[in-house]
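Enquirer: Give me the fold of what follows.
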Amino acid sequence: WYTTVTAILLLIFASGVYFYVRHTLVERVDDTLNHVVEVVQRSLVIEAAAPSTGRVLTAVGVKGQAPLQVNVDGSFRDNAQTLEDDHIDIEWFDPSGQLQWSTLSAPMGLPLQVNAAGETVHIKPGLNGDPDNAQSPQVFRQISRRVQINNQVLGYLRVSHPWFEVSRPIRQLVIDLSLWSSLAIVATGTIGWLLSGLAMTPVRQSYQQLKQFTADASHELRNPIAVIQTNVQVALADPEPDAAFQHSQLQVVERLTRRLGRLVDNLLFLARQDGGLIPMQWEELDLPKLLSEVMEEQELVAHGQGLSLVYRRLDTSFGLPSLPQLTGDRDQLTRLFTNLISNAIQYTPQGEVTVTLEYTQWQGQMAYRITVDDTGIGIPQELQAQVFDRFYRVDKARSRRDGTGSGLGLAIAKAIITNHQGYIQLESQPQKGTTVTTTLPIKE
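Expert: Below is the predicted model of the structure:
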């Protein structure tokens, strides 16, 4: 379609150029013919008519006025060579329309018609009796004008110019326009095909990611819904319900419902993030205090798994009495640190998780750097580039077995860091642990 539209536009453009150049050439020829007519008229030798007019004198009288005449030999004897060099032919007719003088080797054989605006005439093969013109037609641009003085018609002047002065450059122009337009269409089609292929590459990738996202989301939602449905069906099918058994089933349903709620909440957050619909609640925050609150919430979880949760603050205050406030969204930052610390706890079977806060310089401005370091299972080098993708989990079997984690934590963390114009980086070694470093700039 793009190539077709381009071809139509080029056709319109080429047609416009063709008609413009043709009109310009015709106007130039007409201007030349009009100039010749004016020159010839000024050079006419006009004299009083003799009692007996000869072949070379033409005259016509008007009642009450002395007749005038044109001396043909005296008027045109000096013009023949110059007009021949300019490819211009002149014909002079007497007042009765009879040809008296011409620069043509043979008469055109065309009837005399006064046309001061110019016209294009075609001489059919053999019309003028010229044997050289027996097979090929000739085309001329002509101007015919009546010459008169004081209402006395002295004769008619017809000036002709060969049409090849127009047709030859027009023919070459058509060839050039056709050639270059064809080349432009081919180039446009080829380049358009290549560029559209490049433009479609991210579209295809986005489509594949959307398909994968839909499949993963459907899987994450289908499993807990199926378990909930099974537990409810078992409870309803029991003819003699046992209160303790039903209570345990309701606990499973409640736990799965909370899991579904977290999953839907995460999906909603990412959807709003993609659509730019997340309203940022900017405020001045005491980041060390906010991080301490998150550590307190996650400490019980860590101790429950037999892990040590360590919080360190590096003394890099640059001599300031207190660390500056961070402008950010409290809820999002809380969610960020909760996801990072919970991920570290989840994938650390034993050992400790260390959270380090540092006040430093980053890209020419002051910033907070928060590092979450664990001694867990680690991530292979070839998989580290995918950990920020949605629903991606390094150990899927472990996540499904434990019923925790949907693979959205790091994707949400990256989105929150992006909202705060920060930076997140992950480094890991298998069986040695993972280090996630986030940098949050301080806006002045």
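Enquirer: does residue 389 really touch residue 409, like I thought?
Expert: No: assessed by Cβ atoms under 8 Å, residue 389 is found out of contact with residue 409, at 11.7 Å. Where C-beta positions appear, they are placed from N, C-alpha and C, glycine not excepted.
Enquirer: between the two, who's got more neighbours?
Expert: residue 409 (21 against 17; other Cβ atoms under 10 Å).
Enquirer: got the contact list for the more buried one?
Expert: Residue 409 makes contacts with 339-340, 342-343, as judged by Cβ atoms under 8 Å, 6 or more residues apart in numbering.
Enquirer: Any stretches of the stretch 151-300 of the chain with poor pLDDT?
Expert: Residues of the stretch 151-300 of the chain meeting the criterion pLDDT under 70: none.
Enquirer: could you pull out the helices for it?
Expert: Residue ranges of the helices in the stretch 151-300 of the chain, as given by DSSP state H, counting those that start in this stretch, are 164-237, 243-274, 287-304.
Enquirer: who wins for proximity to residue 144 among these?
Expert: The minimum distance between residue 144 and these falls on helix 164-237, with 18.5 Å, by Cβ to Cβ.
Enquirer: Against which helices or strands is the closest one packed?
Expert: helix 2-43, strand 138-149, helix 243-274 (3 or more Cβ pairs under 8 Å, 6 or more residues apart in numbering; DSSP states H and E).
Enquirer: mind checking which of these is nearest residue 89?
Expert: Across those, closest to residue 89 is strand 138-149 (Cβ to Cβ), at 7.9 Å.
Enquirer: what residues are up against residue 21?
Expert: 169-170, 173.
Enquirer: Revised request: answer the last question for residue 37.
Expert: 143, 145, 157, 159.
Enquirer: Please report how far it lies from residue 138.
Expert: Residue 37 sits 21 Å away from residue 138 when distances are taken as Cβ to Cβ, to the nearest Å.
Enquirer: starting at the chain centroid, how far to stretch 192-211?
Expert: 15 Å (Cα atoms, centre = their mean, to the nearest Å).
Enquirer: Poorly predicted segments of the stretch 1-150 of the chain, please.
Expert: Those would be 49-66, 71, 73-74, 77-86, 125-137, if you go by pLDDT under 70 across the stretch 1-150 of the chain.
Enquirer: Doesn't residue 90 belong to a strand?
Expert: Yes: counting by DSSP: H, G, I helix; E, B strand; the rest coil, residue 90 is located in a strand.
Enquirer: Now do the same contact list for it.
Expert: Per Cβ under 8 Å, 6+ apart, neighbours of residue 90: 36, 40, 76, 79, 83, 101-103, 157-160.
Enquirer: Read off the pLDDT value for residue 308.
Expert: The confidence metric pLDDT takes the value 92 at residue 308.
Enquirer: that older thread, could you save the helices and strands packed on helix 164-237 as TSV and add columns showing distance to residue 413?
Expert: Formatted as TSV, the helices and strands packed on helix 164-237 follow (distance: least, Cβ to Cβ, whole Å):
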stretch	distance to residue 413
helix 2-43	41
strand 138-149	81
helix 243-274	11
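Enquirer: From what I see, residue 379 and residue 432 are in contact.
Expert: No: with contact defined as Cβ under 8 Å, residue 379 does not count as touching residue 432 (10.3 Å).
Enquirer: Tell me which of these two has more neighbours.
Expert: Using other Cβ under 10 Å, the more surrounded residue of residue 379 and residue 432 is residue 379, with 20 against 12.
Enquirer: now the more buried one, nearest residue through space, not along the chain?
Expert: Nearest residue to residue 379, sequence neighbours excluded (Cβ to Cβ, 6 or more residues apart in numbering): residue 428, at 4.0 Å.
Enquirer: Spit out the contact partners of that neighbour.
Expert: Applying Cβ under 8 Å, 6+ apart, the residues contacting residue 428 are 378-379, 384, 434-435.
Enquirer: repeat that with 10 Å
Expert: 347, 374, 376-381, 383-384, 387, 394, 434-436 (Cβ atoms under 10 Å, 6 or more residues apart in numbering).
Enquirer: Tell me which of those has the lowest pLDDT.
Expert: Out of these, that is residue 394, at 64.
Enquirer: which residue packs closest to residue 148, ignoring adjacent ones?
Expert: residue 154 (6.0 Å).
Enquirer: ugh, wrong one, I meant residue 249
Expert: residue 231 (4.6 Å).
Enquirer: ok, that neighbour touching residue 246?
Expert: Yes: in this structure, residue 231 is within contact of residue 246 by Cβ atoms under 10 Å, at 9.4 Å.
Enquirer: what about these two, which has more around it?
Expert: residue 231 (18 against 15).
Enquirer: tell me the contacts of that one?
Expert: Residue 231 neighbours (Cβ under 10 Å, 6+ apart): 246, 248-253, 256.
Enquirer: how about a cut-off of 7 Å?
Expert: Residue 231 is in contact with 249, 252-253, counting by Cβ atoms under 7 Å, 6 or more residues apart in numbering.
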